[in-house]
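> Give the three-dimensional model of this entry:
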Amino acid sequence: MIISKNTIAPILVVHTGGLGDLVLASRLVEGLIKRFPTNRIVLLVRQPFAHLPALFPSPPLDVLTLDFEPHQQTVPTAALRLKLQKLTEVLRDLHPTIFIAADLEPSWLSWFLISILSDCDAFGLTASSPPHGLLTLLIRDFGGAPRNLDCPTQTHGTHENERYSALLRHLGGTPSDITPWPKPLVDTELFRALGIEPGKYIACFPSGAASTLVKRWDPAHYAAVLAGRLGEDAKLLLTGEERERPTLEQFKEAFGADARHIRIFTGSSNAMSQLSVLLAHARLYFGNDTGPAHLAQAYGVPGVVVFGGGTWPHYAPWGQGSVGVVQPMGCFGCRWDCAFGHAYCLETLPVEVVRQAFDRASGPVAPASVIEVQAQAERQTLLKETAEAYHRIQRERRERVAAAVELHGDLLLPLSPIEQEDQQQTKLQQMLAQQMKALQSVDGALRAFLPAAGVSVKGYDDLELALRQKLIRDKQRANETDQALRKTVSQMLQANAKFEQSNAQVNILSEGLAEARRQLEAAGQREQANLADLAVVGPELAKSHAELAKFRQEGLLDYLKRWWASKRAGSKS
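Take a look at the predicted model:
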């Protein structure tokens, strides 16, 4: 993590959400910069989205990254503690004056960090209670003190844009109007490689949300909506992650003859700038409620979003020309922990209604709007009661898991060899830093005392130089030990890989030998069968040979006479 040298009253904004969450949070960052013009805004995000804040109209001064996913952590493993130790050291050196938990709901990480950063004012978007289990143990082990977040009053179902505006007003700021982001320049080589032109294609993301597959509308329905809309000046650009390419290829084949108008772009999080260019210069966008939909809206591109009930209406369409389609049900608000295992709110969404939304988005640009589909009334009560019962059970399960973590949290998973060496290296660096700080303290005291006592400090300078050189040598040896250990681990891994390869070759050879043995046994069985046949045919062959010998001795005429006589004698009898 690289921190800017500007140390004027930092404000730390923590957001562990995804692409769409961060796009919406850009207005919060912009408002904070205007509200606190002399403060340094620092944004902490997950590693896959490290490049996104640079695209904000008003980017933060610094971006810190998390190399782990907080929402996937439930147990205080040794590896997690090591990562948190490094993170807290960086943030303590940062000395933020204001802490903002910018997630839809504060994660355990935000609650943990404010317990460690006790000198800053802590704010959040939504009033909530901190979780137990993992958080309780981490606060205990890191010597933190539980704290509360100062949050503005929010009504249920408030859109994220309004929640950020409410927080800015709570901090004494004035929210800015929603305006499109400046569009990035066209990447000529990228467009040429894909065979598309700016403004002549529809950006479509029928997959997306890899962590929440239940929120995807059926790809066949996308094909039905787009049928008859593609052509040379209206190509379809399918976007997604690299691992989704096979799915997108299958989706393309479903279009039959129109598949020639379809292009595919996939990439990792490092391709964020390319994705932003492709979305910004699209004629329309069409997809599920995922990050690309919000990024397209940020650039003022009209389009259609298909919504389910997981987080509705927090991320409802907000950009000019955007149309959302949703089918409200009694089970809405499930945070995509669907009680039924598959989303009825999406599965039963009529294709015809989405076609109408697409026609609306293709027309004159208008403010964001929503088309609601009325679900069958008789199902609503049943869906609501079933979902409530399911989520009550889920809450009880989470409480039991949290209690179990608190009881058995000290039974940690072991560190890997590299993580152990990193931990030892960190401890060594801390020890060296403490020794250097102590030497500097003694140095200052002696330099103040010795001249006053009439004693030359040259001898002490020599001693200080020798000690510094020793510290440098110790650090060099530590680095050499670190490199040697890493090399040894690498060699062990390579040796293990070679062993696995050799073992695989031995297995292949063994299979070959077994096959050869089977073939030999089959050949032996065939030989035995031939010998048996020979035992039957042998006497007949001997008799034939005897007859042949007589024929040769008697001559043809005598043989035929004897043969005819034998035949006549046999016929008389």
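
> where do the strands sit along the stretch 351-500 of the chain?
Taking DSSP state E, counting those that start in this stretch, the strands of the stretch 351-500 of the chain run over residues 369-372.

> just the chain next, same as before
10-14, 40-46, 62-66, 98-101, 121-124, 201-205, 235-241, 262-267, 284-288, 303-306, 322-326, 369-372 (DSSP state E).

> wait, which of those is closest to residue 347?
For the strands of the chain, proximity to residue 347 was assessed by CB to CB; strand 303-306 is nearest, at 11.3 Å. For glycine as for every other residue, the C-beta is placed from the backbone atoms N, C-alpha and C.

> Distance-wise, check the closest residue to residue 216 other than its chain neighbours relative to residue 20.
Leaving out its chain neighbours, the residue that sits closest to residue 216 by CB to CB, 6 or more residues apart in numbering is residue 288, at 5.6 Å. Remark: distance between residue 288 and residue 20 (CB to CB, to the nearest Å) = 11 Å.

> Please enumerate the shared neighbours of these two.
Listed as contacting both residue 288 and residue 20 by CB atoms under 8 Å, 6 or more residues apart in numbering is no residue at all.

> hang on, isn't residue 355 packed against residue 227?
No. Residue 355 lies out of contact with residue 227 (CB atoms under 8 Å); the separation is 9.4 Å.

> With neighbour numbers in mind, choose between these two.
The residue with more neighbours, out of residue 355 and residue 227, is residue 355; 18 against 13, by other CB atoms under 10 Å.

> Can you give me the pLDDT of the more buried one?
pLDDT recorded at residue 355 is 96.

> which residues touch it?
Here residue 355 is in contact with residue 225 (CB under 8 Å, 6+ apart).

> And for residue 184?
Residue 184 neighbours (CB under 8 Å, 6+ apart): 55, 273, 276, 277, 280.

> if I read this right, the last one contacts residue 292, doesn't it?
No. Residue 280 is not in contact with residue 292 according to CB under 8 Å; the separation is 11.2 Å.

> Which of the contacts of residue 184 sits closest to residue 92?
Once CB to CB is applied, the member of those that ends up nearest residue 92 is residue 55, at 29.6 Å.

> Look up how far residue 326 lies from residue 20.
Distance, residue 20 to residue 326, by CB to CB: 16 Å.

> Of the two, which one has the most company?
A count of neighbours by other CB under 10 Å puts residue 326 above the other of residue 20 and residue 326, at 24 against 21.

> returning to that earlier point: next step: the contacts of residue 184 restricted to helices.
273, 276, 277, 280 (DSSP state H).

> what about the helices in the stretch 51-200 of the chain?
78-94, 108-116, 134-141, 160-170, 188-194 (DSSP state H, counting those that start in this stretch).

> Of these, which stretch is the most buried?
Sort these by mean neighbour count, taking mean count of other CB atoms under 10 Å, and helix 108-116 sits at the top with a mean of 23.

> from the chain's centre, how far out does that helix sit?
Distance, stretch centre to chain centre, for helix 108-116: 23 Å (CA atoms, centre = their mean, to the nearest Å).

> Show residues contacting it.
Contact with helix 108-116 is made by 14, 16, 66, 70, 73, 84, 88, 91-92, 99, 101, 103, 120, 122, 124, 130-131, 134-135, 138-139, 142-147, 149, as judged by CB under 8 Å, 6+ apart.

> tell me the contacts of the closest residue to residue 204 other than its chain neighbours?
What sits nearest to residue 204 in space, not counting adjacent residues and going by CB to CB, 6+ apart, is residue 286, at 4.7 Å. By CB under 8 Å, 6+ apart, residue 286 lies in contact with 202, 203, 204, 205, 222, 225, 226, 303, 304, 358.

> if we can go back for a sec, for the contacts of residue 184, which one is nearest residue 310?
residue 276 (25.0 Å).

> returning to that earlier point: separation between the residue nearest to residue 216 and residue 350?
Distance from residue 288 to residue 350, by CB to CB: 16 Å.

> which of the two has more neighbours?
The residue with more neighbours, out of residue 288 and residue 350, is residue 288; 21 against 12, by other CB under 10 Å.

> Tell me the confidence at that one?
At residue 288, pLDDT is 93.

> domain ranges for the chain?
Domains of the chain are assigned by automatic domain parsing as 10-170, 188-377, 417-543.

> average pLDDT across the shortest one?
So the one you mean is domain 417-543. 66.

> Okay, now the unreliable bits of the stretch 151-300 of the chain?
Scanning the stretch 151-300 of the chain for pLDDT under 70 picks out 208-211, 269-270.

> hang on, the earlier thing: quickly list what the residue nearest to residue 216 is bridged to.
Here residue 288 sits in beta bridges with residue 306, as judged by DSSP bridges.

> Next up, the contacts around it.
205, 206, 207, 208, 209, 215, 216, 217, 305, 306.

> what's the answer for residue 166, then?
125, 152, 153, 154, 158.

> buried stuff in stretch 65-72?
Buried residues in stretch 65-72, counted by 16 or more other CB atoms under 10 Å: 65, 66, 68, 70.

> Span of it from start to end?
Criterion CA to CA, to the nearest Å; first-to-last residue distance in stretch 65-72 is 16 Å.

> quick revisit: if we compare the helices of the stretch 51-200 of the chain, which one ends up closest to residue 569?
helix 188-194 (100.2 Å).

> about what we covered before: can you check which of the helices of the stretch 51-200 of the chain gets nearest to residue 26?
helix 160-170 (9.3 Å).

> pull the CA atoms of that closest one into PDB?
The C-alpha trace of helix 160-170 is given here as PDB (Å, rounded to 0.1, in the frame of the first residue of the first chain):
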ATOM      1  CA  GLU A 160     -27.900   4.400  -2.400                       C
ATOM      2  CA  ASN A 161     -27.600   7.900  -4.000                       C
ATOM      3  CA  GLU A 162     -29.900   9.400  -1.400                       C
ATOM      4  CA  ARG A 163     -28.100   7.500   1.400                       C
ATOM      5  CA  TYR A 164     -24.800   9.100   0.400                       C
ATOM      6  CA  SER A 165     -26.500  12.500   0.100                       C
ATOM      7  CA  ALA A 166     -27.900  12.100   3.600                       C
ATOM      8  CA  LEU A 167     -24.500  11.300   5.000                       C
ATOM      9  CA  LEU A 168     -23.000  14.300   3.300                       C
ATOM     10  CA  ARG A 169     -25.700  16.500   4.800                       C
ATOM     11  CA  HIS A 170     -25.000  14.900   8.200                       C
END
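
> mind checking how far that helix is from the chain centre?
Once both centres are worked out by CA atoms, centre = their mean, helix 160-170 turns out to sit 28 Å from its chain's centre.

> now do stretch 13-29
The answer for stretch 13-29 is 17 Å, by CA atoms, centre = their mean.

> buried ones in that stretch?
13-29.

> I'd say residue 330 and residue 377 touch.
No. In this structure, residue 330 is not within contact of residue 377 by CB under 8 Å, at 9.9 Å.

> Would you format the buried residues of stretch 65-72 as JSON lines with pLDDT included?
Formatted as JSON lines, those follow (pLDDT from 0 to 100):
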{"residue": "65", "pLDDT": "96"}
{"residue": "66", "pLDDT": "95"}
{"residue": "68", "pLDDT": "92"}
{"residue": "70", "pLDDT": "93"}
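
> Give the PyMOL command for selecting the buried subset of the contacts of residue 184.
The PyMOL command for the buried members of the contacts of residue 184 (criterion: 16+ other CB under 10 Å) is given here:
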select buried, resi 55+273+276+277+280
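
> possible to save the contacts of residue 184 as TSV with distance to residue 46?
Formatted as TSV, those follow (distance: CB to CB, whole Å):
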residue	distance to residue 46
55	16
273	18
276	18
277	22
280	23
